[in-house]
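Enquirer: sharing a model prediction with you, sequence too.
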Amino acid sequence: MFKRCAAAAVALMLGGPVMAAPLCDEMGFAGLLASCNRGEDIMLTLSSGKPLGEDTVLQSGAYYTLVIEADGSAELAVEGPSFFRAIWMNEIVINKIEIRPMAIDSIEFDKAGVAELSFVAIKPGRHTLRIPGSTGETQQITLSIQ
């Protein structure tokens with residue numbers, strides 16, 4: 001608690017923004033990746049004619065997993081360059097293969113499958129993930145980082 005108060009005091013003296021509090025007080029050696037700093041999983045479904053998912057509010061500094069499941073009914077992708085640049089990507093797991101990318105713009109599924117993206121939300125703002133070329137409201141979600 002003292003560390004957070006001290007950081008806030010220094011930020012106020014320097015005129016900078018105060019960082020959002022993590023979900024837990026003592027993160028230990030794991031830091032931001034500690035289990036107490038993890039938000040709920042975000043679920044997306046890639047299926048022809050079905051809603052992509054629900055709008056979600058994320059906390060800056062918290063760790064999340066975005067689970068994208070495709071049912072194979074169509075060749076579909078999900079894109080969101082502004083969202084992918086507002087997070088720190090830890091890894092993408094596909095078929096138990098862990099990938100640690102610098103950045104991505106989109107992920108496309110040719111067949112049924114699941115991809116899990118773990119990340120830390122960083123830059124506050126409203127970001128959209130959507131199926132490219134779609135115009136329906138149910139074919140996109142808004143992820144708001146606070």
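Expert: Noted; the coordinates are in hand. Numbers count the residues shown, from 1 in each chain.
Enquirer: wait, doesn't Ala112 sit right on Glu75?
Expert: No. At 11.1 Å, Ala112 and Glu75 do not qualify as touching, with contact defined as C-beta atoms under 8 Å. C-beta coordinates here come from the backbone N, C-alpha and C atoms, glycine included.
Enquirer: okay, Asp110 and Ile97: tell me how far apart.
Expert: Distance of Asp110 to Ile97, computed by C-beta to C-beta, to the nearest Å: 16 Å.
Enquirer: with Asn37 instead?
Expert: Following C-beta to C-beta, the distance that separates Asn37 from Ile97 is 25 Å.
Enquirer: show me where this protein has helices.
Expert: 2-14, 81-84 (DSSP state H).
Enquirer: these: lowest mean pLDDT?
Expert: Among those, helix 2-14 carries the lowest mean pLDDT, a mean of 42.
Enquirer: give me the pLDDT value at the nearest residue to Thr138 once chain neighbours are set aside.
Expert: In this structure, Thr138 finds its nearest non-sequential neighbour in Pro51, 3.9 Å apart by C-beta to C-beta, 6 or more residues apart in numbering. With respect to pLDDT, Pro51 has a value of 94.
Enquirer: in this structure, which helix or strand is least confident?
Expert: In the chain, the helix or strand scored least confidently by mean pLDDT, DSSP states H and E is helix 2-14, which has a mean of 42.
Enquirer: quick one: low-confidence parts of this protein?
Expert: 1-30 (pLDDT under 70).
Enquirer: more neighbours: which of Asn37 and Ile97?
Expert: Set Asn37 next to Ile97 and count neighbours by other C-beta atoms under 10 Å: Asn37 wins out with 19 against 8.
Enquirer: my guess is that one meets Tyr63, correct?
Expert: Yes. Using C-beta under 8 Å, Asn37 is in contact with Tyr63, at 5.2 Å.
Enquirer: buried stuff in stretch 120-130?
Expert: By 16 or more other C-beta atoms under 10 Å, the buried positions in stretch 120-130 come out as 120-121, 127, 129-130.
Enquirer: er, stretch 43-51 I mean
Expert: Those would be 44, 46, for stretch 43-51 by 16+ other C-beta under 10 Å.
Enquirer: noted, bye for now.
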